[in-house]
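J.: what follows is a predicted structure for the sequence shown.
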There are 2 protein chains.
Amino acid sequence: MTYQDLAGFQTVQEARAAIRAGIFSGHTAGLAPGKLQCNIAILPEAYALDFLRFCLRNPKPCPIVGVGETGDPTLPTLGPDIDIRHDVPRYTLYRNGQFSEEVTDISEHWRDDMVTVALGCSFTFERALVAAGLPMRHVDQNVTVPMYRTNLELESGGAFGGKMVVSMRPLSGADIPRAVEICTRYPLAHGAPVHVGNPAAIGIAAMDQPDWGKAVTIHHDEVPVFWACGVTSQNALLSAGIPLVITHAPGHMLISDIEEDAALPIWKP
Amino acid sequence: MTYQDLAGFQTVQEARAAIRAGIFSGHTAGLAPGKLQCNIAILPEAYALDFLRFCLRNPKPCPIVGVGETGDPTLPTLGPDIDIRHDVPRYTLYRNGQFSEEVTDISEHWRDDMVTVALGCSFTFERALVAAGLPMRHVDQNVTVPMYRTNLELESGGAFGGKMVVSMRPLSGADIPRAVEICTRYPLAHGAPVHVGNPAAIGIAAMDQPDWGKAVTIHHDEVPVFWACGVTSQNALLSAGIPLVITHAPGHMLISDIEEDAALPIWKP
């Protein structure tokens, strides 16, 4: 396979080195193709057990692919040299449930009680769908995928709970079974869609008014297909109103050394 | 499908009710066929975060299928009426890393800081292998499956770590690929084997001297096949020497309401 990286990096190490050095701070879609990218949540240890329980009970929106030791910024099971203080291109800080700031390095915010949790990301299955020739409307229209709050109740864990957030990609009737088949192969990246068709059935009132991202065109022969979305975990972290949470900024993921079709999210030398 | 329960129970509820009432305190193999059975570890909250991290980093031997809230003996994601203080036929208590006692109810040992962790179990894939016509030698010989310590290093989490424990089932060359295919479908129950053939390669010196269970006959046309084993987690819990851990007694599992071929370990009404 030719290694075609959107930003011209030759290896995952090169991509991560550029991110760590602050040379690259953009979106990671298309970078280090074939490597598992991760949603990141960094939170105080006092909340980590509850957050893990919440994720474990909601594996479709929140598939855990890695967890750091308390106060340790490395993630050896995701890659031998990862340092989570520098290796995400852009971070968002939330304090007491409110947006605080965006930064490209969190060295000064890291604390001895911090725990990093890495969750699978939709980039993985999107790449597989594109490789199979399926259209990705938001990519064609060059916008962020539309995401919606739903009435799908989550299993709560401590202060974490609420409703599922989904992302939507319109597909033709013939493409839908194929999309489901393909996504089923990626349980670490949200897996099969959670709903097909009628948005009202999952509590979505207006398809043209997504809660995050931008609305996309749905052609007359297409049906909206909904996937569990990683924003669900960010939403739950915000609603819990904990003193400090650091996440990746939308689209600015951690690039791991794990192959995205790996059966287990454990890096082996 | 005819519901054929080895003990004559008609439903999973009936089996669990008999266990809860203390009427049944035997092995659960063959009970409530088709329902996911679980390894159980109950430990103080102070160690729970590290234990979850350890399990998440070692998903083959330690596939998490459920976690309780601290101090709450219910496990609603595994079944609507489970109470872990009564619903396991037989429990083992370990104090400071040493065997303490076996009991059939843990009401008097339950504490407000206790956390229950449920892990998938080999009964699930064994049933699938038998259904496919593959021989299970330990079943034919009516002994507990032989289990061995290996040199396969685990990813540690806090005080939890060590080497993997495996279970062994001999199979003929023609049956091995089929066994791997079938077990791959059950990632919540240890998934595909971790090793086929040469025991010495994974640090097993003597096949006739298992560390747990009983040795079984390996015919001349057969190869030993090794699966990651749930005893790995018990071993890690003991080695950590924590003040109190309660586990299921070997073979005396929690029977959940989850279908054993469910993609997600989340009970839905």
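T.: That came through, no problem.

J.: contacts, neighbours, all on C-alpha from now
T.: Noted.

J.: give me the three-state assignment for A:Ala15.
T.: helix (DSSP: H, G, I helix; E, B strand; the rest coil).

J.: tell me who's in contact with the residue of the stretch 1-150 of chain A found nearest chain B.
T.: Per CA to the nearest CA, A:Leu49 is where the stretch 1-150 of chain A lies closest to chain B, at 5.2 Å. The neighbourhood of A:Leu49, defined by CA atoms under 8 Å, 6 or more residues apart in numbering or on different chains, consists of B:Ala48, B:Leu49.

J.: got it, and A:Ile40?
T.: A:Thr116, A:Val117, A:Ala118, A:Leu119, A:Ile246, A:Thr247, A:His248, A:Met253, A:Leu254.

J.: please name every helix or strand in contact with the helix or strand hosting the second one.
T.: Spelled out, that is A:Val117. A:Val117 is part of strand A:114-120 when elements are defined by DSSP states H and E. The contact analysis (3 or more CA pairs under 8 Å, 6 or more residues apart in numbering or on different chains; DSSP states H and E) places strand A:114-120 against strand A:35-44, helix A:45-57, strand A:64-67.

J.: around chain B, which positions in chain A sit nearby?
T.: Proximity of chain A to chain B, by CA under 8 Å from any CA of the partner chain, involves residues A:48-49, A:52-53, A:56-57, A:59, A:64-69, A:77, A:155, A:157-158, A:264, A:266.

J.: if any of these are buried, put those into a PyMOL selection.
T.: Under the burial definition 16 or more other CA atoms under 10 Å in any protein chain shown, those of the residues of chain A next to chain B that qualify are selected in PyMOL by:
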select buried, chain A and resi 48+49+52+53+56+57+59+64+65+66+67+68+69+77+155+157+264+266
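
J.: in which helix or strand would I find A:Val166?
T.: Using DSSP H and E, A:Val166 sits in strand A:163-172.

J.: relative to strand A:163-172, how tilted is whichever helix or strand comes after that strand?
T.: Moving toward the C-terminus from strand A:163-172, the next helix or strand (DSSP H and E) is helix A:175-184. Between helix A:175-184 and strand A:163-172, the angle formed by their directions is 130 degrees, by axes from the mean of the first three to the mean of the last three CA atoms, to 10 degrees.

J.: related to what we said a few turns ago, parallel or antiparallel, list what pairs with the strand holding A:Val117.
T.: Strand A:114-120 pairs in its sheet with strand A:35-44 (antiparallel), strand A:64-67 (antiparallel), by DSSP bridges.

J.: got the buried residues for whatever helix or strand comes next after the shortest one?
T.: In other words, strand A:64-67. The first helix or strand that comes after strand A:64-67 along the chain, using DSSP H and E, is strand A:91-95. By neighbour count with 16+ other CA under 10 Å, strand A:91-95 contains the buried residues A:Tyr91, A:Thr92, A:Leu93, A:Tyr94.

J.: bridging residues for the third one?
T.: Beta-bridge pairing for A:Leu93 (DSSP bridges): A:Glu101, A:Ile246.

J.: got a list of what it touches?
T.: Residues near A:Leu93 by CA under 8 Å, 6+ apart: A:Phe99, A:Ser100, A:Glu101, A:Glu102, A:Val103, A:Leu244, A:Val245, A:Ile246, A:Thr247.

J.: which residues does A:Trp267 contact?
T.: A:Pro76, A:Thr77, A:Leu78, A:Gly79, A:Pro80, A:Asp257, A:Ile258.

J.: now do the same for it: its pLDDT.
T.: In this prediction, A:Trp267 carries a pLDDT score of 88.

J.: equivalent analysis for A:Ile42, please.
T.: 98.

J.: contacts only, for it.
T.: For A:Ile42, the contact set (CA under 8 Å, 6+ apart) comprises A:Met114, A:Val115, A:Thr116, A:Val117, A:Val245, A:Ile246, A:Thr247.

J.: same question for A:Thr74.
T.: Counting by CA under 8 Å, 6+ apart, A:Thr74 touches A:Gly68, A:Asp81, A:Ile82, A:Asp83, A:Ile84.

J.: which residue packs closest to the fourth one, ignoring adjacent ones?
T.: Once flanking residues are discounted, A:Asp83 sits nearest to A:Thr74: 4.8 Å by CA to CA, 6 or more residues apart in numbering or on different chains.

J.: so which of the helices and strands packed on strand A:114-120 is nearest A:Met164?
T.: Nearest to A:Met164 among the helices and strands packed on strand A:114-120 is helix A:45-57 (11.8 Å), distances taken as CA to CA.

J.: pLDDT of that closest one, averaged?
T.: For helix A:45-57, the per-residue pLDDT averages 98.

J.: using CSV, list the CA coordinates for it.
T.: Extracted C-alpha coordinates of helix A:45-57, given in CSV (Å, rounded to 0.1, in the frame of the first residue of the first chain):
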residue,chain,number,x,y,z
GLU,A,45,-8.4,10.7,39.0
ALA,A,46,-11.3,11.4,41.4
TYR,A,47,-13.7,11.2,38.4
ALA,A,48,-11.9,8.6,36.3
LEU,A,49,-13.5,5.4,37.8
ASP,A,50,-17.0,6.8,37.1
PHE,A,51,-16.0,7.9,33.6
LEU,A,52,-14.6,4.5,32.8
ARG,A,53,-17.8,2.8,34.1
PHE,A,54,-19.8,5.2,32.0
CYS,A,55,-17.8,4.4,28.9
LEU,A,56,-17.8,0.6,29.5
ARG,A,57,-21.6,0.8,29.8
